[in-house]
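K.L.:
got a sequence here, can you model it:
(one chain, ligands or ions: 1)
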Amino acid sequence: MAEDPRNWEPETQAVRGGLMRTPHGEISEALFLTQSFAYDSAQAADDRFAGGPGFIYQRFGNPTTQMFEDRLALMEGAEQCKSTASGMAAVQLSLMGLLRAGDHLVAGRALFGSCRWIISEWLPRFGVETTYVDATDLEAWKNAVRPNTRVFLVESPANPLLEVTAIGAVADIAHAAGAKLVVDNVFATPIFQKPLELGADIVVYSATKHIDGQGRVLGGAILGSNELMNQAYKDMHRHTGPALSPFNAWVLLKGLETLDLRVRRQTETAGRVADAIAAHSRAKQTIYPGRPDHPQAALIANQMTGGGNVIAFDLGDRASAWRFLDALQIVDISNNLGDAKSMATHPCTTTHRSMPEAERLEIGLTEGWVRMSVGLEGAGDLVRDVTRALDRA
Ligand SMILES: *Cc1c(COP(=O)(O)O)cnc(C)c1O
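P.N.:
Residues are numbered from 1 along each chain as shown. Prediction:
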C-alpha cells in the first residue's frame with residue numbers, strides 16, 4: 001500500500017507533501033513558468049474543459065502553484081487550498097465568496113489595517129454591513145448576531161497587541177447563527193495553531209510572512225473543506241484573477257520546507273527577548289503569547305502549541321518608543337513580520353496610522369506601543385540590542 005501523506009509527521013509533509021515530479025526525477029520542485037498548456041487532441045481539450053484532470057490556464061492552476069497548495073493543505077489538515085497573489089487577496093476573496101448584498105458580517109475589532117479597510121470601506125459598497133466586536137468577549141459575538149449574519153471574521157493572535165480569541169467557542173456561536181467562521185492565522189502559523197480542528201470553517205494566510213520568511217515574495221492562501229471551497233471560491237478565484245505567480249509559489253514551496261525549523265527557533269529566541277524586555281524597567285507592559293503573564297495564557301495553552309515570534313511592549317509615550325527604535329543597531333525598523341531578520345515598528349504611526357484614534361484606543365493601542373518580530377539572529381545579540389535600546393528609550 002502506498003503511504004498516505006495525510007498520515008505523515010508534519011516535518012515530512014513540509015518537505016515532501018504535494019511533490020509532483022516530472023519524468024526527469026528532479027529532487028527540487030520544478031518551476032513551471034507557463035501560462036497555457038497544450039492538449040494531445042481536440043478530444044483531450046474537450047475533456048479538460050469538461051472538468052477532467054490536467055491544467056488549462058495559469059489563472060485557474062499551474063503545477064507549481066498546485067504543489068504549494070497541496071503541501072500547505074496537508075500541513076494545515078485541510079481538504080483544499082487555493083493560493084492567491086497576496087494575503088489581502090486571500091482575505092478579500094474569503095469574505096466576498098461568502099457574502100452578498102444584504103448580508104451581515106461580525107468581525108473582531110483588532111485586525112490588520114487593510115482588512116479593516118475592506119470591511120469598513122469596500123464591503124459596504126456591495127451592501128454588506130459589519131459589526132465590530134471585542135473578540136475576547138463571547139457575549140459580544142452572541143449579541144452582534146442578526147438574522148442575516150453570514151460570516152464571522154477573526155485574527156488570533158491579533159495585530160498588533162496579540163489578543164487571543166477562543167476559536168472553538170466563537171465557531172460554536174457562528175454555527176448556531178448559521179454563519180461561517182473565517183480565521184486569519186498569520187501570527188500563529190500552521191505550526192502552532194490549527195483553526196479548522198478548533199472549529200473554524202476557513203483559514204486564511206498571508207504567505208508573505210512566515211511561509212516565505214525571508215522577505216522575498218508576496219503570497220496568500222485560503223483553506224477549508226472541498227465542499228465549502230468549491231461552493232464559495234472556485235468560480236470566483238478562476239474568474240476574478242487573484243492567482244499566485246508560479247515563481248512566487250515556488251519560493252513559498254521551498255519556504256514551507258523550513259517553516260517548522262524557522263518558526264520554532266524564532267519562538268525560542270522570542271521567549272528570551274520578551275523576558276529581557278519584561279524585566280527592563282522602561283517596559284510598562286510586555287505582551288507575548290509565550291509568557292505566563294499574557295492576559296489570556298490559559299486560553300493560549302488550550303489552542304496554541306507555541307507563542308510565535310511577535311512581541312508587543314508599551315514604553316509609555318511616542319518619544320520613548322521612537323528613541324527605542326532609533327537606538328537599535330541590529331534589529332531593523334520595519335513593518336513586516338515573520339522574517340529571518342528581526343524588525344520592530346511603531347504601529348500608531350505606521351501599520352495602524354489610518355485607524356481613527358477612538359478605534360485605536362478601543363483596542364488599547366496608545367502611542368507608547370512597539371511591535372517586534374523576532375528573526376533568526378543569535379538570541380544573545382538580540383537581547384543585547386534590545387536592552388541597549390531600552391536603556392536609551
Ligand atoms: C500581512 C498580513 C495580511 C496581508 O498580507 P499581504 O501578503 O501583505 O497582502 C493579512 N493579515 C495579517 C494578519 C497580516 O499580518
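K.L.:
distance check, residue 119 against the ligand.
P.N.:
From residue 119 across to the ligand, the span is 12 Å (CB to the nearest ligand atom, to the nearest Å). Placement of C-beta: from N, CA and C, glycine included.
K.L.:
am I right that that residue is in a helix?
P.N.:
Yes - under DSSP: H, G, I helix; E, B strand; the rest coil, residue 119 sits within a helix.
K.L.:
residue 160 touches residue 366, doesn't it?
P.N.:
No - in this structure residue 160 lies outside contact range of residue 366 using CB atoms under 8 Å: 11.5 Å.
K.L.:
looking at the two, which is more packed in?
P.N.:
When neighbours are counted by other CB atoms under 10 Å, residue 160 comes out ahead of the other of residue 160 and residue 366, with 28 against 16.
K.L.:
for the residue of the stretch 51-200 of the chain found nearest the ligand, grab phi and psi.
P.N.:
Minimum separation of the stretch 51-200 of the chain from the ligand (CB to the nearest ligand atom) falls at residue 87, amounting to 2.2 Å. Main-chain torsions, residue 87, degrees, to the nearest 10: phi -60, psi -40.
K.L.:
do the same with residue 370
P.N.:
The phi/psi pair for residue 370 (degrees, to the nearest 10) is phi -120, psi 140.
K.L.:
is there any residue in stretch 341-359 that contacts the ligand?
P.N.:
No - in terms of CB under 6 Å from any ligand atom, no part of stretch 341-359 sits within range of the ligand; the closest distance is 8.7 Å.
K.L.:
got a list of contacts for that stretch?
P.N.:
The contact list for stretch 341-359 (CB atoms under 8 Å, 6 or more residues apart in numbering) reads 109, 112-113, 116-117, 159-160, 215, 318, 321-322, 324-325, 328, 330-337, 360, 365-367, 369-377, 382.
K.L.:
among the residues you listed, which ones are buried?
P.N.:
Neighbour counting by 16 or more other CB atoms under 10 Å classes 109, 112-113, 116, 159-160, 321-322, 324-325, 328, 330-332, 335-337, 360, 365-367, 369-377, 382 among those as buried.
K.L.:
near the ligand, from those residues?
P.N.:
Counting by CB under 6 Å from any ligand atom, the members of the buried ones among the contacts of stretch 341-359 near the ligand are 112, 159.
K.L.:
out of the buried ones among the contacts of stretch 341-359, which are inside helices?
P.N.:
If you go by DSSP state H, the buried ones among the contacts of stretch 341-359 have 113, 116, 321-322, 324-325, 360, 382 in helices.
K.L.:
hmm, back to that, for the residue lying closest to the residue of the stretch 51-200 of the chain closest to the ligand once chain neighbours are set aside, phi and psi?
P.N.:
Spatially, and ignoring its direct neighbours in sequence, residue 87 is nearest to residue 206 (2.4 Å; CB to CB, 6 or more residues apart in numbering). The main-chain torsion angles of residue 206 are listed as degrees, to the nearest 10 and equal phi -90, psi 110.
K.L.:
ok, the closest residue to the ligand within the stretch 201-350 of the chain - contacts?
P.N.:
For the stretch 201-350 of the chain and the ligand, the shortest gap (CB to the nearest ligand atom) falls at residue 206, measuring 3.0 Å. Contacts for residue 206 (CB under 8 Å, 6+ apart) come out as 86-88, 90, 186, 218-220.
K.L.:
could you work out the most separated pair of the residues you listed?
P.N.:
Greatest spatial distance in the contacts of residue 206: 186 and 218, 12.9 Å, computed using CB to CB.
K.L.:
shared neighbours of these two, anything?
P.N.:
87, 206.
K.L.:
which one's more surrounded, these two?
P.N.:
residue 186 (29 against 18).
K.L.:
pLDDT at the residue nearest to residue 87, what is it?
P.N.:
Here the pLDDT value assigned to residue 206 is 98.
K.L.:
could you give the bridge partners of it?
P.N.:
Residue 206 has these beta-bridge partners by DSSP bridges: residue 220.
K.L.:
for the biggest helix by length in the chain, which residues meet the burial criterion?
P.N.:
Ranked by residue count, the top helix of the chain under DSSP H comes out as helix 246-279. Buried positions in helix 246-279, judged by neighbour count with 16+ other CB under 10 Å: 246, 248-253, 255-257, 259-260, 262-263, 265-267, 269-271, 273-278.
K.L.:
give me every residue in the stretch 201-350 of the chain lying close to the ligand.
P.N.:
206, 208-209, 218, 220.
K.L.:
which among the residues you listed gets closest to residue 62?
P.N.:
Residue 62 lies nearest to residue 220 out of these, by CB to CB, at 15.8 Å.
K.L.:
dump the residue contacts of the closest one.
P.N.:
83-91, 204-208, 244.
K.L.:
and for residue 238?
P.N.:
Per CB under 8 Å, 6+ apart, neighbours of residue 238: 59-60.
K.L.:
and residue 45, how many neighbours does it have?
P.N.:
15.
K.L.:
also residue 305?
P.N.:
12.
K.L.:
from residue 163, how far out is the residue nearest to it when sequence neighbours are not counted?
P.N.:
Closest residue to residue 305 apart from its sequence neighbours, by CB to CB, 6+ apart: residue 192 at 5.1 Å. Going from residue 192 to residue 163 by CB to CB, to the nearest Å gives 16 Å.
K.L.:
perfect, that will be all.
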